[in-house]
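Trainee: fold the stuff below for me.
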Amino acid sequence: MRNFDFIVRELTENEFGVLDNFLYEAIFIPEGVEPPPKDIIFRPELQVYTENFGRREGDLALCAEVGGRIVGAVWVRIMNDYGHIDDNTPSFAISLYPEYRGHGIGTALMKAMLERLSKNGFSQASLAVQKENYAVKMYRKVGFETVSENEQEYIMVCRLKKE
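Mentor: Numbering: from 1, shown residues only. Next up is the predicted model:
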């Protein structure tokens with residue numbers, strides 16, 4: 001298994017456009033299922049994650065870079081998405097290009113964002129994840145707990161320590 005040297009850094013405003021790519025990569029596609037067309041990200045229920053990103057209070061984005069290339073991103077926003085808990089809780093979105101998954105990069109991104117949210121005074125963060133998504137284990141490892149569920153997905157919350 002290859003190990004990547006990567007850095008985690010803040011995504012700059014002029015790089016926010018890459019979030020659309022990572023939004024598509026974040027769509028969980030079960031094995032044997034045909035991926036949806038790329039323009040699915042322009043549906044209103046998905047646009048809540050990226051539309052006018054950076055213009056709302058609480059919009060934060062970090063990226064992972066390997067050799068100068070952005071290979072993953074984590075971003076949070078207070079939005080009425082699948083993982084919405086309340087109007088004070090940012091919801092997570094995270095994804096990596098497939099070839100960079102399983103190398104600890106996602107965990108590093110999650111931990112860095114949780115630390116940033118804690119420093120910014122947030123008491124918790126949330127996310128929604130499909131039950132069969134391999135990332136569920138990683139979310140639990142970094143501190144997320146299931147607070148509700150339906151047939152397909154978990155709603156998870158991570159309580160943050162105030163710094």
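Trainee: tell me what the longest helix anywhere in the chain is packed against?
Mentor: Across the chain, the longest stretch assigned as helix under DSSP state H is helix 105-119. Secondary-structure packing of helix 105-119 (3 or more Cβ pairs under 8 Å, 6 or more residues apart in numbering; DSSP states H and E): strand 7-10, strand 60-66, strand 69-77, strand 91-96, strand 124-130, helix 135-141. Just so you know, the C-beta spots here come from the backbone N, C-alpha and C atoms, and that holds for glycine as well.
Trainee: in JSON lines, list the ones you listed along with mean pLDDT and distance to Thr107.
Mentor: Listed next are those as JSON lines, based on pLDDT from 0 to 100; distance: least, Cβ to Cβ, whole Å:
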{"stretch": "strand 7-10", "mean pLDDT": "97", "distance to Thr107": "10"}
{"stretch": "strand 60-66", "mean pLDDT": "97", "distance to Thr107": "10"}
{"stretch": "strand 69-77", "mean pLDDT": "97", "distance to Thr107": "10"}
{"stretch": "strand 91-96", "mean pLDDT": "95", "distance to Thr107": "10"}
{"stretch": "strand 124-130", "mean pLDDT": "95", "distance to Thr107": "14"}
{"stretch": "helix 135-141", "mean pLDDT": "95", "distance to Thr107": "6"}
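Trainee: what residues does the helix or strand of the chain with the lowest mean pLDDT touch?
Mentor: Using mean pLDDT, DSSP states H and E, helix 44-47 stands out as the lowest-scoring helix or strand of the chain, at a mean of 91. Helix 44-47 has contacts (Cβ atoms under 8 Å, 6 or more residues apart in numbering) with Leu23, Ile40, Ile41, Asp81.
Trainee: distance of the first one relative to Glu99?
Mentor: It refers to Leu23. To Glu99, Leu23 is 18 Å away according to Cβ to Cβ, to the nearest Å.
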